[in-house]
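Enquirer: sequence unknown, structure follows:
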Ligand code: PEP
Ligand code: MG
């Protein structure tokens, strides 16, 4: 009797559960079909209630007709024998379905554009989209001898003196011994008698027992040659359009800017990764570029080749039809870019009318000016190390650079030197590391090179004073912070510098790049210390997935749910102002998703600001 009553009661019980569509695709055919399939496993009568309409949950066309879009809600109505079980399980199933659909969506969006060409194409990975038709030439560097050169013997003795001085200056540090070791190497025949064959001697070390000496030899060679007035320079034609193939010669981050001033139409890297600093710079100059997954040999440098970086293809000998297609694509891209450029100063808002800021990543005052022209709402990342790459700037030179940027914007985030990893300074001897991205980098470097760090802080403070920035938001950001101690140590140094020079820094905010995973698990402690965060997705993904950002063959899957979950976790665990300044922020395919999670401040390369703004606007408001 009891059982019968229970059964009867269960049969009549109606369980209603409101469910919200969270996938950007809405409740579309594929998830509906999966849901209906699941519904059919239960005995209960199951229906969906939306927009005052009720429809059976077993009918795909009827559910489709409800036209449920993202953020719409429906009620799952379950009645009958296994109602409780069905309701609970279907609720979970639906939520999982939505999450998977969103992830699929990101994955699909991140796929390269498809394009079919008649001639044989070499596939690669996209660094910066765009299409180019031009001759392809191979990158090479020339050694240029300065006329005022001194002879080898003098250069050798000068180098020995330099090494002695370096040893004296770093005597108290473990790595100072390297300078003594180099002095000893300098006495060997390789340098004293066979210097004219030094390149061959270096090459002979490759693969042998003493391969690790290659770097020491190269280092010494550079020192000696600099005294002899030898400079390594790339020589490229400046009066013709071309696509540049980077083969054996390494392209350094410091060389990309110079390249951008030449008539370069596109770049193909033979190896590397899309989140290396070289790749970031190529993207920031909007040079169509790819990383080829195969060695390319250009047999005829005089015919036109085709680089379709949007679909990650290089075609050495395109057919006339391929060329026609490429020219049409170039025109279309130009029109789209012009349309976006017209609207670049329009303010961006979320659907809920919250302001979205598109800030710029810059490297110097020139790129800051460009950011202003492109409609940036401020500077979200000033990569100051690029002011230091060729020679050490004086405090005055630095101050002037910072002042010029403060003049242009009301909000500026200056990142202190981020040296280490794939960025070095020619005038600072750095210990060779097996894993430089896990070594003396970012704030760790600054806390070792205290003079350089203090000079930079002083220059920023003086620029703040000279520029009367009281009504502006000036932020100082420390890179690669992994512990609260590092942040506190750096901030204490900043305060001591200000005190020593009697400068008021009460209006300056101090924060960190959030790019080392340890910070995620110490957010509570960091929240009490920092004024803001900026997520460096390039490094955060590198450290999260243990995939070096310059790795030639491995790359992080940006559509990974782990990444999105990490970003959601960070957002949920801090109320401090937070932005994203890594390359992720500039990906059209992901940025609206980031905004949906709550990241309303995105900092990106100046040149892509108009198109990203336009794209976000269309995605959010149609
Ligand atoms: C990052 O790591 O995402 C970042 C913005 O800094 P950088 O690329 O200069 O390391
Ligand atoms: Mg970084």
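Expert: Ah, there it is. Because the structure is predicted, anything quoted here is derived from the model rather than measured. Ligands and ions are numbered 1, 2, ... in the order given.

Enquirer: Residue ranges in the stretch 1-150 of the chain under the pLDDT threshold?
Expert: By pLDDT under 70, the weakly predicted segments of the stretch 1-150 of the chain are 1-12, 105, 107-112, 145-149.

Enquirer: In it, what residue comes closest to ligand 2?
Expert: Per C-beta to the ion, the residue of the stretch 1-150 of the chain with the smallest distance to ligand 2 is residue 127, at 17.3 Å. Quick note: C-beta positions are derived from backbone N, CA and C, even for glycine.

Enquirer: For that residue, identify the helix or strand it belongs to.
Expert: With the criterion set as DSSP states H and E, the secondary-structure element containing residue 127 is strand 122-128.

Enquirer: Strand partners (parallel or antiparallel) of that strand?
Expert: Strand 122-128 has the following sheet partners, assigned by DSSP bridges: strand 289-292 (antiparallel), strand 313-315 (antiparallel).

Enquirer: got the contact list for it?
Expert: The contact list for strand 122-128, computed with C-beta atoms under 8 Å, 6 or more residues apart in numbering, reads 112, 267-269, 274, 279, 282-283, 285-294, 296, 309-310, 312-316, 555.

Enquirer: The helix or strand that it is followed by pairs with which strands?
Expert: Elements were assigned by DSSP H and E; along the chain past strand 122-128, the next helix or strand is strand 131-138. Using DSSP bridges, the strands paired with strand 131-138 in its sheet are strand 242-246 (parallel), strand 304-308 (antiparallel).

Enquirer: Ligand 2: which of the ones you listed is closest?
Expert: Ranking the strands paired with strand 131-138 by distance to ligand 2, with C-beta to the ion as the measure, places strand 242-246 first at 22.7 Å.

Enquirer: I would like the residues contacting that closest one, please.
Expert: Outside of strand 242-246, the residues within contact range by C-beta under 8 Å, 6+ apart are 132, 134-139, 236, 259, 263-270, 296, 298, 305, 307.

Enquirer: Return the distance of that strand from the chain's centre.
Expert: Taking C-alpha atoms, centre = their mean, to the nearest Å, the mean C-alpha location of strand 242-246 is offset from the chain mean by 23 Å.

Enquirer: now swap in stretch 241-254 and tell me
Expert: So, by C-alpha atoms, centre = their mean, the centroid of stretch 241-254 is 20 Å from its chain's centroid.

Enquirer: try stretch 558-566
Expert: Between the mean C-alpha point of stretch 558-566 and the mean C-alpha point of its chain there is a distance of 15 Å (C-alpha atoms, centre = their mean).

Enquirer: any idea of the mean pLDDT in that stretch?
Expert: When pLDDT is averaged along stretch 558-566, the result is 90.

Enquirer: And stretch 178-193, by the same measure?
Expert: Averaging pLDDT along stretch 178-193 yields 85.

Enquirer: What are the buried residues along that stretch?
Expert: The neighbour-count check on stretch 178-193 (16 or more other C-beta atoms under 10 Å) flags 178-179, 182-183, 185-186, 190-191 as buried.

Enquirer: and if you look at stretch 381-396?
Expert: Using 16+ other C-beta under 10 Å as the test for burial, stretch 381-396 gives 381-389, 393.

Enquirer: In strands, which of the residues you listed appear?
Expert: Counting by DSSP state E, the part of those found in strands is 381-383.

Enquirer: Could you find the closest non-adjacent residue to residue 376?
Expert: Counting by C-beta to C-beta, 6 or more residues apart in numbering, residue 360 is the residue found nearest to residue 376 once chain neighbours are left out, at 3.8 Å.
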